[in-house]
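> let's see this in three dimensions:
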Amino acid sequence: MRDLIGTARTLFWVALIAAIYQELRKPPEERTWHGRVLGSIPYDFRVPTLDRLREAYWDPETDRVFSERVFGVGWAVNIPVAARKISEIVSHYADASARLRADAQSKLRRGDDEP
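Predicted coordinates:
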């Protein structure tokens, strides 16, 4: 587990340095301080706004769990969508385990030894 955390930390620092390098390579008048590293990892070093914070972390109207981070490198978690998805997973798990328990109990009552 420590190796996974160390790898994630290293990848974060590499992406951060790459994003800064990517912006500094541009002429000063073309620097936007937001974009994507290698075309896939989002970064944004602009001052956060309330609208961007709300869009990144609280947008229940969309189905996207991950959105672009408001400040820094990587992704943000859309909290209401993540909570909804987790609730759906837990509900499906609870329903499936209840059915399995009911099937097992009925087999025990009948005396079935077969699975």
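> contacts for stretch 45-59?
19-20, 23, 33-34, 44, 67-72, 76-81 (Cβ atoms under 8 Å, 6 or more residues apart in numbering). Where C-beta positions appear, they are placed from N, C-alpha and C, glycine not excepted.
> phi, psi for Val77 please.
phi -100, psi 120 (degrees, to the nearest 10).
> residues near it, how many?
For Val77, the tally of surrounding residues (other Cβ atoms under 10 Å) stands at 13.
> for this structure, just list every one of the strands.
For the chain, the strands defined by DSSP state E cover 34-37, 41-44, 66-68, 72-73, 75-77.
> and the last one, what does it pack onto?
By that I understand strand 75-77. helix 50-57, strand 66-68 (3 or more Cβ pairs under 8 Å, 6 or more residues apart in numbering; DSSP states H and E).
> please identify the most buried of the strands of the chain.
strand 41-44 (a mean of 20; mean count of other Cβ atoms under 10 Å).
> ok, the residue nearest the centre of the chain to Arg9 distance?
For the chain, Phe66 is the residue whose C-alpha lies nearest the centre (Cα atoms, centre = their mean; 4.4 Å). From Phe66 across to Arg9, the span is 19 Å (Cβ to Cβ, to the nearest Å).
> next up, phi/psi of the closest residue to Trp33 other than its chain neighbours, please.
Nearest in space to Trp33, with sequence neighbours left out and distances taken as Cβ to Cβ, 6 or more residues apart in numbering, is Phe45 at 4.2 Å. Here is the backbone geometry of Phe45 (degrees, to the nearest 10): phi -110, psi 20.
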